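Chemist: Build the 3D model from these lines:
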Amino acid sequence: MQERRRRPESRKGRPTLTRERIARAALRILGASGPAELTMRNVAAELEVSPRALYNYVADRDDLLREVMAVCQADRPRPRLDPARWRESLGDYCRELRGWYRSHRGMLALAHTEDLTYLVAPGHLRADDALVGFFLDIGLAPQDAYRAWTITVLQIAGFAEVWDSWHDHPPAGADPASWTGLPASAELPHLRRLAGEAAAEPPDELFESVIAMLTSGIAAMAG
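Modeler: Alright, predicted model coming up:
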């Protein structure tokens, strides 16, 4: 049987184009410039090829987004959750999921600005299904298991989108340590004081507080 020829890793000193390499170039653009700059032309420029070359691998922008989502989901940590030690294993998974959101900066903004639901493949939901199943295994009722999944994902995604994004990529001249998450004009003295105390904590310590509150809330649901 004739062996299948493998595509060379590079040609003339440049990496060979693949759907994954094109998707990862799109992710770099998302992270650096946001959804508005995610165009076929900009992706081609990132890869130093002509826009026409991309169409040998992706049919159009929708097909590009489909591959971007596939690459993101392939990178997503798989839950390793143990109901016998649910607090510790849930905390570990929250930390891994936070890292995933941080390394795929811009995807949440893209989901806010464009409807991506029609690009979701069944396999993309396996990690979420596993998390809901875990909450069922620790004794939550089906409705509460769904609520716990929703709260967990929103808490982690929100932390990465707001706190981590600010600290990882602060605007020029900004001091991440002084940011409270509130507009400077907000006349909310008590809220500004509490937010200022939270901002004084390093993001990792603040995230541990988020995990502690999350697990306490889930424990209350479980009774």
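
Chemist: if I look at the residue positioned nearest the centre of the chain, how far off is Tyr118?
Modeler: In the chain, the residue lying closest to the centroid (C-alpha atoms, centre = their mean) is Tyr101, at 2.6 Å. Noted for Tyr101: a distance of 22 Å to Tyr118, by C-beta to C-beta, to the nearest Å. Where C-beta positions appear, they are placed from N, C-alpha and C, glycine not excepted.

Chemist: With Gly99 instead?
Modeler: Counting by C-beta to C-beta, the gap between Gly99 and Tyr118 amounts to 28 Å.

Chemist: okay, Phe134: pLDDT?
Modeler: On pLDDT, Phe134 comes in at 97.

Chemist: Thr113 now?
Modeler: Thr113 carries a pLDDT value of 92.

Chemist: Pretty sure it sits against Pro35.
Modeler: Yes. Using C-beta atoms under 8 Å, Thr113 is in contact with Pro35, at 4.9 Å.

Chemist: who has more neighbours, the two?
Modeler: Pro35 (16 against 12; other C-beta atoms under 10 Å).

Chemist: mind listing what that one touches?
Modeler: 106, 109-110, 113-114 (C-beta atoms under 8 Å, 6 or more residues apart in numbering).

Chemist: pull the CA atoms of stretch 18-27 into CSV?
Modeler: Presented in CSV, the C-alpha positions along stretch 18-27 are these (Å, rounded to 0.1, in the frame of the first residue of the first chain):
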residue,chain,number,x,y,z
THR,A,18,-3.3,24.7,7.2
ARG,A,19,-6.7,25.4,8.6
GLU,A,20,-5.4,25.3,12.1
ARG,A,21,-2.6,27.8,11.4
ILE,A,22,-5.0,30.2,9.7
ALA,A,23,-7.4,29.9,12.7
ARG,A,24,-4.5,30.6,15.2
ALA,A,25,-3.6,33.7,13.2
ALA,A,26,-7.2,34.8,13.5
LEU,A,27,-7.0,34.3,17.3
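
Chemist: Do a quick rundown of the strands in the protein.
Modeler: 10-11, 14-15 (DSSP state E).

Chemist: in the chain, which segments are predicted with low confidence?
Modeler: 1-15, 173-201 (pLDDT under 70).

Chemist: For the closest residue to Phe135 other than its chain neighbours, give its distance to Glu88.
Modeler: Take Phe135 and drop its neighbours on the chain: the residue closest to it by C-beta to C-beta, 6 or more residues apart in numbering is Ala145, 3.8 Å away. Ala145 is 19 Å from Glu88, where distance means C-beta to C-beta.

Chemist: Ala32 now?
Modeler: Counting by C-beta to C-beta, the gap from Ala32 to Glu88 is 36 Å.

Chemist: what does Gln143 give?
Modeler: Distance, Gln143 to Glu88, by C-beta to C-beta: 25 Å.

Chemist: Tell me if I'm right that Leu65 and Tyr118 touch.
Modeler: No. Leu65 lies out of contact with Tyr118 (C-beta under 8 Å); the separation is 9.8 Å.

Chemist: ok, these two, which is more surrounded?
Modeler: Set Leu65 next to Tyr118 and count neighbours by other C-beta under 10 Å: Leu65 wins out with 19 against 8.

Chemist: need the contact list for the residue nearest to that one when sequence neighbours are not counted.
Modeler: With sequence-adjacent residues excluded and distances taken as C-beta to C-beta, 6+ apart, Leu65 is closest to Leu119, at 5.7 Å. Leu119 is in contact with 62, 65-66, 69, counting by C-beta under 8 Å, 6+ apart.
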